[in-house]
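Trainee: Everything below, folded, please.
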Amino acid sequence: MKSWTKKQLRRLRIALMINSDKRNRYLKKHHVFKEMGENVFFQPRFIPSDPNLIKFHNNVIVTSNVTFVNHDIFHLGLNNLQQGTFSYEQRCIEVMDNVFIGCNSTILGGVRIGPNALIAAGSVVTKDVLPNTVVAGNPAKEIGRFDEFVAKRKKENVLLNEDELWERFTKEKENR
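Mentor: Predicted structure coming up:
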């Protein structure tokens, strides 16, 4: 079986794994990514086209529908201009220790994130994310400090039941 076909079948197998813990064990066991440290939780069902160009260090959480784009195919359009020959461009992505990437975010190639960084949901990361930062938006920009976020969460760390959550929600909305 050709290498390309094997890769596509592996991608399909991973996408069909409903249990994320099982999927994470498979990703690590089969060295799908260049590096996958300890306590990495990779929620997306679809792996990037070039997972061998992505490193995850320790204590990383990648939530659902995060997209890693570490290549482009614009060379096809440029080559049609007949102004020279352009090649396929690939770039590495590195996610350092203690990073959280929120759902529906996009991480572009050539980027290093963290350590101690939080990417807000829906962000588009086009450049390096400095250590100890919280970023959001398109393109992602610093909106806070990681240690401040952790301190705030620690202070608010109260386990509430469903009724208490709705009560708190209603009060917050009434106070606006």
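
Trainee: I'd like the next helix or strand past the lowest-mean-pLDDT helix or strand in the chain.
Mentor: Every helix and strand of the chain was ranked by mean pLDDT, DSSP states H and E. The lowest is helix 75-80, at a mean of 77. Downstream of helix 75-80, the next assigned helix or strand under DSSP states H and E is strand 89-90.

Trainee: what helices or strands is that next one leaning on?
Mentor: strand 71-72 (3 or more Cβ pairs under 8 Å, 6 or more residues apart in numbering; DSSP states H and E). C-beta here means a position set from N, CA and C on the backbone, and glycine is covered the same way.

Trainee: Which elements pack onto the strand it packs on?
Mentor: Checking 3+ Cβ pairs under 8 Å, 6+ apart, strand 71-72 ends up next to strand 89-90.

Trainee: Show me what the helix or strand following the strand it packs on pairs with in its sheet, parallel or antiparallel.
Mentor: Counting by DSSP H and E, the next helix or strand C-terminal to strand 89-90 is strand 93-95. Strand 93-95 pairs in its sheet with strand 54-56 (parallel), strand 111-113 (parallel), by DSSP bridges.

Trainee: what sits up against the last one?
Mentor: With contact meaning Cβ atoms under 8 Å, 6 or more residues apart in numbering, strand 111-113 is reached by 93-96, 99, 101, 107, 119, 125-129.

Trainee: any idea where the helices of this structure begin and end?
Mentor: In the chain, the helices defined using DSSP state H lie at 3-16, 20-29, 75-80, 146-155, 162-174.

Trainee: looking at those helices, which has the lowest confidence?
Mentor: Among those, helix 75-80 has the lowest mean pLDDT, at a mean of 77.

Trainee: then that helix to CSV, C-alphas only?
Mentor: Presented in CSV, the C-alpha positions along helix 75-80 are these (Å, rounded to 0.1, in the frame of the first residue of the first chain):
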residue,chain,number,x,y,z
HIS,A,75,2.7,27.8,-5.2
LEU,A,76,0.2,26.2,-7.6
GLY,A,77,-1.3,29.7,-8.3
LEU,A,78,2.1,31.3,-8.5
ASN,A,79,3.5,28.7,-10.9
ASN,A,80,0.5,29.4,-13.2
